[in-house]
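> need coordinates for the following:
(one chain, ligands or ions: 1)
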Amino acid sequence: MARALLLVFTAIVALGAGHGDAFDPSPLQDFCVADPTSKVRVNGIPCKDPAAVTPDDFFFAGVDRPGGTASRRYGFTALSVQIPGLNTLGASHARVDVAPGGVFPPHYHPRASETAVVLDGTVYFGFVTSYPDNKLFAKVLRKGDVFAVPQGLVHFLYNNGTTPAALYATLSSQNPGLVLVGDVLFGSGLSDDLLAKTLLTDGETVHKIGVKFRP
Ligand SMILES: *[C@@H]1O[C@H](CO)[C@@H](O)[C@H](O)[C@H]1NC(C)=O
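Predicted coordinates:
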């Protein structure tokens, strides 16, 4: 009896562990070029007929130019490099531009590690390990330098130089997710009272910060 219970317990733990891993599923075919017109719903985007796939499905032009939507608050832009042929293959790419004095503020991607190469300029780039160490790993990066960020860790970019900076980032998930630490705290409706206790300060101080994050 005890043995049977132990087996059931082991099976549950094993199932739980399998469910908890955050990597994208492995592909079952060479490629599954995204068909955005499909009405079918699957885990990802349904595949286009392989016979209709062309080289352009694996192509994206314009990464040499800044793009995306300028962040009013922070002075960065992010251009998502959309390659339909990467659907289901566990990767996504972006070009990020940071104006002099701009930041890509502390954030994390719950489902991806990240590797970024500096295309232009100089940036202060780093990540922080999890509790209890909260250890900072950061470097000043120049054109041609590459820096890696482990999955799920808070990281940031700060262009504290005088020229525009650009990076090309690769993430290890089709849907990495983005959690901006400031927004999670101040833009989510958490009460000023709770925030004051969290940040070891008073309600007036958190209210003053919070109004800038709320619409
Ligand atoms: C940017 O900040 C880093 C870290 O504080 C520092 O090492 C670097 O010298 C700064 N760069 C400039 C141009 O001030």
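
> what's near enough to touch the residue of the chain found nearest the ligand?
The nearest approach of the chain to the ligand comes at residue 160, 3.7 Å away (C-beta to the nearest ligand atom). All C-beta spots, glycine's among them, are computed from the backbone N, C-alpha and C. Taking C-beta atoms under 8 Å, 6 or more residues apart in numbering as the contact definition, residue 160 lies against 101, 123-124.

> top of the residues you listed by neighbour count?
If you count neighbours using other C-beta atoms under 10 Å, the busiest of these is residue 123, which has 28 neighbours.

> relative to residue 176, how far out is that residue?
Summarising the geometry, the distance separating residue 123 from residue 176, computed by C-beta to C-beta, to the nearest Å, is 20 Å.

> pretty sure residue 118 contacts residue 144?
Yes: if you go by C-beta atoms under 8 Å, residue 118 and residue 144 touch, sitting 6.5 Å apart.

> just list whatever residues bridge to residue 34.
Note on residue 34: beta-bridge partners residue 47, judged by DSSP bridges.

> contacts only, for the residue nearest the centre of the chain.
Taking C-alpha atoms, centre = their mean as the criterion, residue 109 is the residue nearest the geometric centre of the chain, at 3.5 Å. Remark: with contacts taken as C-beta under 8 Å, 6+ apart, residue 109 is in contact with 151-152, 171, 173, 176-179.

> can you flag the buried ones in those?
151-152, 171, 173, 176 (16 or more other C-beta atoms under 10 Å).

> just give me the closest of these to residue 35.
If you rank these by distance to residue 35 using C-beta to C-beta, residue 173 comes first, at 20.2 Å.

> next one, pLDDT for that closest one please.
We have a pLDDT of 96 for residue 173.

> repeat for residue 77
Predicted confidence (pLDDT) at residue 77: the value is 93.

> ok so it is a strand residue?
Yes: for residue 77, which was evaluated using DSSP: H, G, I helix; E, B strand; the rest coil, the result is membership in a strand.

> hmm, it is touching residue 66, no?
Yes: counting by C-beta under 8 Å, residue 77 does reach residue 66; the two are 5.9 Å apart.

> which residues are common contacts for the two?
Counting by C-beta under 8 Å, 6+ apart, the residues touching both residue 77 and residue 66 are residue 97.

> which of these two has more residues huddled nearby?
Just comparing residue 77 and residue 66: by other C-beta under 10 Å the higher neighbour count belongs to residue 77, 20 against 16.
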